[in-house]
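Enquirer: next one to model:
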Amino acid sequence: MSILDALNPAQRRAAEAPGGPLLILAGAGSGKTRVLTHRIAFLIKEVGMPPWRILAATFTNKAAGEMRERIEQLVGPAATELWIGTFHSICARILRRQAEGFGLDPNFSIYDEDDRRATIRRVFNAHQIDERDLSPRTVISQISRAKNAMLDPLEFAHQANEHQRRIAELYADYERELRRNQALDFDDLLIEVVRQFERHSDILQTYQERFEHLLVDEYQDTNRPQYLLCRQLAAHHRNICVVGDDDQSIYQFRGADIRNILDFERDYPDARLVRLEQNYRSTGRILAAANAVISHNQGRKGKELWTNGPEGDPVAVVECDSDRREARHVVDTIRRYDRLGRYGLGDAAVLYRTNAQSRPFEEELQRAGLSYVIVGGIRFYDRREIRDVLSYLRLLVNPADDIALRRIVNTPRRGIGDTSLARLQAFAQAKGWSLSTALEHLDDVPNLSGRAQKSLAAFADLIGELTTATDELSLPELGFAVVEKSGYRAMLTAENTPEAEARVQNLDQLLAEMTEYADENPDSTLATYLEEKSLLTSADESDNDGNAITLMTLHGAKGLEFPLVFVCGLEENLFPTARAVGDPQAIEEERRLCYVGMTRAQEQLSLTYALRRYAYGSLLATEPSRFLSEVPAELTTQNYELDRGFDRSRQRVVPPPRKKAPQGVHYEWDSEQSSGFDEFVAQDDFLAVGQWVRHPQWGRGQIVSREGHGEKMKLSIRFGTRTKRIAVAYAQLEPA
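Expert: Sure, this is the predicted structure:
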C-alpha cells in the first residue's frame with residue numbers, strides 16, 4: 001500500500017511529482033499541509049531520500065511543529081533528521097554553524113522589538129535627538145523596510161531623499177551599535193545569510209549540495225530576502241517545491257511580495273504546476289460566492305474551488321441600520337443557534353477589518369453574558385491608548401487620582417523623567433498632597449531642574465485647560481479635546497507605522513463610542529461615563545473552556561476555520577479601506593482579504609454591513625462594500641435589521657449642535673486622513689470660498705480657502721486682519 005493512497009488525484013500528482021521546480025497552487029481548505037507532508041514522506045520512504053537532505057521552510061513555529069508531527073506519523077523517527085522550521089530559525093541555525101567562516105561571534109544575540117527600541121534610543125542619545133521630534137518606531141520601521149529591500153546603510157543613504165538622510169545616519173549608527181553588542185535583529189537573520197552566501201560561495205555550495213530538496217510553505221507570503229535565499233539554496237539541484245495560494249496573499253504591509261508566486265514559472269520555465277481545487281472545508285454555496293468575488297482580481301493564476309460536500313444554506317447578506325444594530329444582530333444570531341443546540345459558542349467567529357471594530361461586539365457580548373476571546377489583540381478598553389485617554393478623563397474628574405496622573409504625565413513624552421517625578425512625589429508626600437496639588441507649587445519642589453519644572457508646568461496648564469472645558473464641552477467634544485490637545489494623535493501620526501495607524505483607529509473608535517453614549521444617555525456626565533467604563537473593563541475574565549466566541553481581524557483568521565462565520569463591516573472605505581480606494585493593486589489585496597474571510601466558513605456564512613456607523617465622533621452614513629455586489633444574488637438571502645421607522649432613503653445623519661467652546665479655546669482636527677464617509681456637514685453655498693460667515697467667538701469673516709470634506713473639512717477664514725484655520729465640525733458657523 002502506497003503512502004499516497006489516502007490522497008485525491010490532484011494531491012497525489014503533487015506529492016509524487018518528479019524532481020525539478022514544482023508549484024502547487026493550493027486553494028483554501030484543499031489540504032496543502034497534507035500534500036506537503038506526504039511529499040516529504042514519499043521522498044523518504046519511496047524515493048529513498050535521506051531525511052537530512054530535505055529542507056522545509058514555513059512561517060510560524062506552530063506550522064513547523066504541526067508539519068513535523070504529521071511527518072513523524074508517516075515515517076517514524078527518521079523525521080527527526082529533517083531540517084524543518086521557520087525561515088528565521090533556519091537562518092539562525094546556519095549563522096551559528098557558520099559563524100567562524102562568516103566572521104561572526106557564534107554566541108551573537110538576537111534582538112527583539114524591545115531590544116531594537118533600546119538600541120535606537122542609545123543612538124538617539126548619542127545624536128542628542130529628542131523623541132518628541134523623532135519617534136524610535138518611525139526610525140525602526142524605516143530601517144526594517146531598507147533591510148527587507150536588501151539595502152545596507154550606504155546604499156540606503158545613496159537613495160535617500162531629503163527627509164530620509166537623517167534616518168540614513170541613524171541606520172549606520174544602529175548597525176554599528178548592533179555589531180558592538182554582537183547582535184542581530186530579526187531582519188538581519190534573513191539578509192545576513194543571503195549576503196554571506198554571496199560572499200562565501202564555498203559555504204553556499206556546501207548547503208546547496210546538502211539540501212537536495214527544498215520545500216517552502218505559504219510561498220505567497222515570502223519577501224525579497226526569503227525569495228533570494230530560496231533561489232540560492234535551490235540553484236544546484238533545482239528541486240524546489242513551493243506551496244501557496246496567490247488568492248490568499250494578504251501581507252503586503254509586512255513586505256510579502258505576491259510577484260514571487262505569480263512569477264515562479266518565469267523564474268523556472270520548466271516548472272510543473274499542480275492546482276489543488278477540491279475543498280474539504282466549506283459548503284458549495286460558500287465556495288461559489290468566494291469564487292465569484294476573487295474572480296474580479298486580475299493579478300492571479302486562476303483556479304476554481306469545488307467540493308463533493310453539500311450545497312449548504314445560502315450566504316446571508318445582512319443590512320443593518322447602524323454598527324450597534326450589526327453587533328446586536330450577530331450576538332442574537334449566535335445566541336439563537338446556541339439555544340437551539342445547532343452550534344456552540346466555540347463554533348462562531350466574528351471577523352472584521354480592523355481591531356478598532358471589536359468595541360460594539362465586545363459590549364453586546366458582555367451585555368448578553370456570552371464568553372468570547374479576542375485573537376491577536378487585547379480587549380478594546382484594555383488597549384494602551386484607550387487606557388491612556390481614559391486616564392486623562394479620570395484625572396479631570398478626580399484630581400487626587402495619582403495613578404492616572406503618573407500614567408499620563410509623560411504620555412506623550414514631555415521630557416519628564418523618572419527622577420523628576422520621584423522628586424515631585426516625595427514633595428507631595430511630605431506635604432500630604434496629591435500630585436495634582438503639588439503641581440501648583442513647583443517652585444517649592446527641591447532639586448527640580450528648570451527643564452523639568454517647565455515641562456511639569458506645561459502639563460499642569462494642559463490639565464487645567466481641559467478641566468475648565470469639562471463644564472463647556474459635551475462628552476465626545478471633551479474626548480476629542482484630550483486626544484488633540486494632549487498631542488496623543490500627533491504622536492501616533494508622527495510614528496507613521498501600521499501599528500500607530502491601528503492605534504489612531506482605536507482612538508477614533510473611542511470618540512465614536514463617546515458620541516453614541518452621549519446620544520443614548522443625554523443626562524449623563526463624565527463621571528457616570530467613567531463609572532460605567534470602569535465596571536465594564538474590570539469585569540472578571542470569562543472562564544474560557546473552549547466554548548467561547550472568537551473575535552479577530554481578517555488578517556488574523558488566515559489558516560483557521562469555523563462552522564459559523566460573520567464577516568462584518570462590509571462598507572466602502574472600511575472594507576475596502578479608504579487608502580485602497582483608487583489603487584487597483586490595493587483593492588485586489590483587499591479583495592483577497594475578503595476571500596480569505598469568506599473561506600474560513602465551513603457551514604454558515606454571514607456578510608454584514610451598516611448603513612450608519614459611529615466614527616470620528618459622529619453617526620455617519622455609509623455605503624455597502626463593492627465586494628457585496630460581486631456575490632451572485634442567487635447564492636444569497638438578503639436580511640434587514642432596521643429600527644422601526646428608519647427610512648433607508650434618508651440615511652444622512654447630521655449630529656446635533658455642539659456646546660460652545662470656552663473663551664480662548666479652539667480645537668481643530670489635525671489628522672489629514674480622509675474618513676471615507678459621506679459628508680455629515682451639508683455642503684451649502686455659504687461654505688464656499690468667498691462667502692461670508694459668522695463665528696460665535698471671532699464674529700464676521702470671509703472664507704479664503706477650503707480643504708477636506710465632511711467631518712474633516714477645514715476652512716481658512718479672514719477675520720479683519722487675522723486669518724484662522726478652523727475645523728467646520730466644531731466651529732458653529734452661520735451665514736453672515
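
Enquirer: alpha carbons only for contacts and neighbour counts from here, please
Expert: Will do.

Enquirer: so which helix or strand takes in the residue most central in space within the chain?
Expert: Taking C-alpha atoms, centre = their mean, the centroid of the chain lies closest to Ala502, which sits 5.6 Å from it. Under the criterion of DSSP states H and E, Ala502 resides in helix 498-520.

Enquirer: Val331 now?
Expert: helix 323-340.

Enquirer: ok, the residue nearest to the centre of the chain touching Ala356?
Expert: Yes: using C-alpha atoms under 8 Å, Ala502 is in contact with Ala356, at 7.4 Å.

Enquirer: any stretches of the stretch 501-650 of the chain with poor pLDDT?
Expert: The stretch 501-650 of the chain contains residues with pLDDT under 70 at 534-546, 615-618, 643-650.

Enquirer: repeat that with 80
Expert: Scanning the stretch 501-650 of the chain for pLDDT under 80 picks out 528, 531-546, 614-619, 642-650.

Enquirer: next: the stretch 351-500 of the chain.
Expert: Confidence mapping of the stretch 351-500 of the chain against pLDDT under 80 gives the ranges 376-380, 382, 497-499.

Enquirer: where do the strands of the stretch 451-600 of the chain begin and end?
Expert: Along the stretch 451-600 of the chain, the segments classed as strands by DSSP state E, counting those that start in this stretch run 549-553, 562-567.

Enquirer: as a markdown table, those strands with mean neighbour count and distance to Glu218 would be great.
Expert: What follows is the strands of the stretch 451-600 of the chain, written out as a markdown table (neighbours: other C-alpha atoms under 10 Å; distance: least, C-alpha to C-alpha, whole Å):
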| stretch | mean neighbour count | distance to Glu218 |
| --- | --- | --- |
| strand 549-553 | 22 | 19 |
| strand 562-567 | 23 | 21 |
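
Enquirer: how about Lys301, secondary structure?
Expert: State at Lys301, reduced to three classes by DSSP: H, G, I helix; E, B strand; the rest coil: coil.

Enquirer: one step back: residue contacts, the residue nearest to the centre of the chain?
Expert: Residues near Ala502 by C-alpha atoms under 8 Å, 6 or more residues apart in numbering: Thr354, Asn355, Ala356.

Enquirer: OK, contacts around the last one?
Expert: The neighbourhood of Ala356, defined by C-alpha under 8 Å, 6+ apart, consists of Phe380, Ala502, Gln505, Asn506, Gln509.

Enquirer: closest one of these to Cys91?
Expert: Ala502 (30.7 Å; C-alpha to C-alpha).

Enquirer: gap between the closest one and Phe566?
Expert: From Ala502 across to Phe566, the span is 22 Å (C-alpha to C-alpha, to the nearest Å).

Enquirer: residues contacting the residue lying closest to Asn547 once chain neighbours are set aside?
Expert: For Asn547, ignoring the flanking residues on the chain, the nearest one in space by C-alpha to C-alpha, 6 or more residues apart in numbering is Gly346 at 4.3 Å. Applying C-alpha under 8 Å, 6+ apart to Gly346 gives the contacts Gly546, Asn547, Ala548, Ile549, Thr550.

Enquirer: how about those in JSON lines, adding distance to Trp52?
Expert: Below are the contacts of Gly346 laid out as JSON lines (distance: C-alpha to C-alpha, whole Å):
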{"residue": "Gly546", "distance to Trp52": "38"}
{"residue": "Asn547", "distance to Trp52": "42"}
{"residue": "Ala548", "distance to Trp52": "42"}
{"residue": "Ile549", "distance to Trp52": "43"}
{"residue": "Thr550", "distance to Trp52": "40"}
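
Enquirer: just the CA atoms of the next helix-or-strand element following the helix holding Val331, as PDB, please.
Expert: For helix 323-340, the following helix or strand on the C-terminal side (DSSP H and E) is strand 348-352. Output of strand 348-352 as PDB, limited to C-alpha atoms (Å, rounded to 0.1, in the frame of the first residue of the first chain):
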ATOM      1  CA  ALA A 348     -18.600  31.000  15.900                       C
ATOM      2  CA  ALA A 349     -16.100  33.600  14.600                       C
ATOM      3  CA  VAL A 350     -16.700  37.300  14.100                       C
ATOM      4  CA  LEU A 351     -14.200  38.800  11.600                       C
ATOM      5  CA  TYR A 352     -13.600  42.400  10.900                       C
END
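
Enquirer: now for strand 348-352, which elements pack on it?
Expert: strand 549-553, helix 554-557, strand 562-567 (3 or more C-alpha pairs under 8 Å, 6 or more residues apart in numbering; DSSP states H and E).

Enquirer: and those: which comes nearest Arg300?
Expert: helix 554-557 (19.3 Å).

Enquirer: are any of the contacts of Ala356 buried, and which?
Expert: Buried subset of the contacts of Ala356 (neighbour count, 16 or more other C-alpha atoms under 10 Å): Phe380, Gln505, Asn506, Gln509.

Enquirer: quick one: the helices in the stretch 551-700 of the chain, in order.
Expert: Applying DSSP state H, counting those that start in this stretch to the stretch 551-700 of the chain gives helices spanning 554-557, 584-598, 626-629.

Enquirer: would you turn these into a markdown table with mean neighbour count and distance to Leu442?
Expert: Listed next are these as a markdown table, based on neighbours: other C-alpha under 10 Å; distance: least, C-alpha to C-alpha, whole Å:
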| stretch | mean neighbour count | distance to Leu442 |
| --- | --- | --- |
| helix 554-557 | 20 | 49 |
| helix 584-598 | 22 | 53 |
| helix 626-629 | 16 | 58 |
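
Enquirer: can you list those in JSON lines and add distance to Asp388?
Expert: Output for the helices of the stretch 551-700 of the chain, formatted as JSON lines (distance: least, C-alpha to C-alpha, whole Å):
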{"stretch": "helix 554-557", "distance to Asp388": "26"}
{"stretch": "helix 584-598", "distance to Asp388": "31"}
{"stretch": "helix 626-629", "distance to Asp388": "36"}
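
Enquirer: so which of these gets nearest Asn279?
Expert: Judged by C-alpha to C-alpha, the one of these that comes nearest to Asn279 is helix 584-598, at 13.2 Å.

Enquirer: would you mind writing the CA trace of that closest one as PDB?
Expert: The C-alpha coordinates for helix 584-598 follow below in PDB (Å, rounded to 0.1, in the frame of the first residue of the first chain):
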ATOM      1  CA  PRO A 584      -6.100  48.900  -8.200                       C
ATOM      2  CA  GLN A 585      -3.400  46.800  -6.600                       C
ATOM      3  CA  ALA A 586      -4.500  47.700  -3.100                       C
ATOM      4  CA  ILE A 587      -8.100  46.900  -4.000                       C
ATOM      5  CA  GLU A 588      -7.000  43.500  -5.200                       C
ATOM      6  CA  GLU A 589      -5.300  42.800  -1.900                       C
ATOM      7  CA  GLU A 590      -8.500  43.900   0.000                       C
ATOM      8  CA  ARG A 591     -10.500  41.500  -2.200                       C
ATOM      9  CA  ARG A 592      -8.100  38.700  -1.400                       C
ATOM     10  CA  LEU A 593      -8.600  39.500   2.300                       C
ATOM     11  CA  CYS A 594     -12.400  39.300   1.700                       C
ATOM     12  CA  TYR A 595     -11.900  35.900   0.000                       C
ATOM     13  CA  VAL A 596      -9.800  34.700   3.000                       C
ATOM     14  CA  GLY A 597     -12.600  35.700   5.400                       C
ATOM     15  CA  MET A 598     -15.300  34.000   3.300                       C
END
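
Enquirer: which strands or helices does it pack on?
Expert: Under the contact criterion of 3+ C-alpha pairs under 8 Å, 6+ apart, helix 584-598 touches helix 284-294, helix 554-557, strand 562-567.

Enquirer: mind redoing it with 7 Å?
Expert: Where contact means 3 or more C-alpha pairs under 7 Å, 6 or more residues apart in numbering; DSSP states H and E, helix 584-598 is packed against helix 284-294.
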